[in-house]
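Novice: For reference, the sequence and a predicted model appear below.
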Amino acid sequence: MEKLKLGFIGCGGIANQKHFPALAKLGARAEMLAFCDERPERAAKARADFGVAGAQCYASYAELLAKAPVDAVYVLTPNVSHSEIAVAAMRAGKHVMCEKPMAINTVQAEAMLNVSVQTGKKLTVAYQNRFRQDSIALHKACRAGELGEIYFAKAHAIRRRAVPTWGVFADKAKQGGGPLIDIGTHALDLALWLMDNHAPALVVGQSFQKLKDKPEGNVFGPWDPATFEVEDSAFGFIRMKNGAVVQLDSSWALNILNPKEASVTLCGTEAGAEMAGQQSQDKGYIIYNRVRHNQMLEEQPSLGSGGVAYFDGNAPKAGDGEARAWLDSLEHDAPLVVRPEQALVVTRILEAIYHSAASGQAVYF
Ligand SMILES: NC(=O)c1ccc[n+]([C@@H]2O[C@H](COP(=O)([O-])OP(=O)(O)OC[C@H]3O[C@@H](n4cnc5c(N)ncnc54)[C@H](O)[C@@H]3O)[C@@H](O)[C@H]2O)c1
């Protein structure tokens, strides 16, 4: 079988940290053939580091879509251009892996879903946290009914002082918002996927810009308050149609102990589950809580066993799993793990939190 041919639009941080290294391990199945970045030196470096012999660089995504004989493209640009590029790519006959969030608003995300349906081209969103070992184990437990009915969840996306200082993360026009759309999107996606519930009824939210002028102590170095245009934290309360509720906490900078990111707490009628450890480094694990024989119990897996990603040496990376699942879908028509309809619901809820924060009103679906 011929290898899949892949193109990349945006050759910055996430391309180099996640997608290129993951695909480099899958060279027997797919080749990295075309690279595009507004900054030509980035596309040239990506081609040199990861490109197959004969790989090409393009100055514009339109040129790549018109000329590069690729089966699928990766959209790895700032949030504002996800929809425009993904729509153009599917219309040009390419399948699309789009970085998160799907888009900066519902209208743009709906356009992507509609074009995917019209063209029959596959569209997925890069929620790699679903591919962590702890997430996979918890998802199995949830689907097996081990937690019973899950009626309360907390989606955690809280950093104490970790405002991203590269790229355009604090630029409202380019990103659509701050920590809510940047990291809140991962935690909410995990919560809804684990609950198997994508039907929101009501959203109330509040956002803050309280620490923007206090850049000291940031783990990525001080940010520039003059160009910090987005919220520094945002919180949402979501009631689902079946009555379950989700509390979403997101922040890049908050005076709080024990920050937690890409992490979920689930409370069900039979048991609860808490994601613990260092999720962002694939070292997360689950602590279950339940009652048995009249005693409250906590259970957790032995670290280092059963696929729990604890030691670096045997830790399968979430990005590698994401890449494998995408190639399975392209090559063998395996079902998408992250379906665009689900990512659209995440986008809808995040937009509703921003609307509620701006208007002071609840948003009803
Ligand atoms: N999945 C994750 O956990 C994760 C982590 C970080 C970033 N991201 C997402 O990845 C996307 C990019 O973030 P990043 O950290 O890589 O940013 P970045 O700034 O490091 O890289 C983006 C690249 O896109 C290029 N670019 C911008 N507009 C372009 C266009 N129209 N055509 C071609 N190239 C263009 C820029 O020159 C830059 O090199 C964002 O949507 C972000 O939310 C996801």
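Specialist: Looks like it came in fine.
Novice: how about residue 189, what does it touch?
Specialist: 100, 127, 129-130, 338, 342-343, 346 (Cβ atoms under 8 Å, 6 or more residues apart in numbering). C-betas here are computed from N, CA, C, even on glycine.
Novice: Closest one of these to the ligand?
Specialist: When the contacts of residue 189 are compared for distance to the ligand (Cβ to the nearest ligand atom), residue 100 wins out at 5.0 Å.
Novice: quick check, that closest one in a helix?
Specialist: No - counting by DSSP: H, G, I helix; E, B strand; the rest coil, one finds residue 100 to be coil, located in no helix.
Novice: 31 is where my numbering starts, stick with that
Specialist: Yep, numbering from 31; the last one is residue 130 now.
Novice: hang on, it packs against residue 159?
Specialist: No - contact criterion Cβ atoms under 8 Å: residue 130 and residue 159 do not qualify, at 9.4 Å.
Novice: Could you name every residue contacting both of those two?
Specialist: 216, 219.
Novice: quick one: the helices in this protein?
Specialist: Along the chain, counting by DSSP state H, helices occupy 43-44, 50-54, 70-80, 91-97, 112-121, 136-149, 163-173, 202-205, 209, 215-225, 348-362, 370-389.
Novice: do you know how far the most centrally placed residue in the chain is from residue 222?
Specialist: What sits nearest the mean C-alpha location of the chain, by Cα atoms, centre = their mean, is residue 157, with 3.2 Å. Separation of residue 157 from residue 222 (Cβ to Cβ, to the nearest Å): 10 Å.
Novice: ok so, going back, quick check, the residue nearest to the centre of the chain in contact with residue 216.
Specialist: Yes - Residue 157 lies in contact with residue 216 (Cβ under 8 Å); the separation is 6.3 Å.
Novice: before we move on, the earlier item: if you rank the contacts of residue 219 by neighbours, which is first?
Specialist: Neighbour tally across the contacts of residue 219 (other Cβ atoms under 10 Å): the maximum, 29 neighbours, falls on residue 376.
Novice: What about residue 43, how many residues nearby?
Specialist: 13.
Novice: Am I right that it is in contact with residue 195?
Specialist: No - Residue 43 is not in contact with residue 195 according to Cβ under 8 Å; the separation is 11.4 Å.
Novice: Which one of the helices of the chain lies nearest to residue 327?
Specialist: Closest to residue 327 of these is helix 163-173 (Cβ to Cβ; 14.8 Å).
Novice: I'd like to know how many residues surround whichever residue of the chain sits closest to the ligand.
Specialist: Sorted by distance to the ligand under Cβ to the nearest ligand atom, the residues of the chain start with residue 42, at 1.9 Å. Other residues lying near residue 42 total 18 when counted by other Cβ under 10 Å.
Novice: so it sits right up against residue 194, yeah?
Specialist: No - contact criterion Cβ under 8 Å: residue 42 and residue 194 do not qualify, at 11.7 Å.
Novice: intersection of neighbour lists for residue 157 and residue 216?
Specialist: residue 130.
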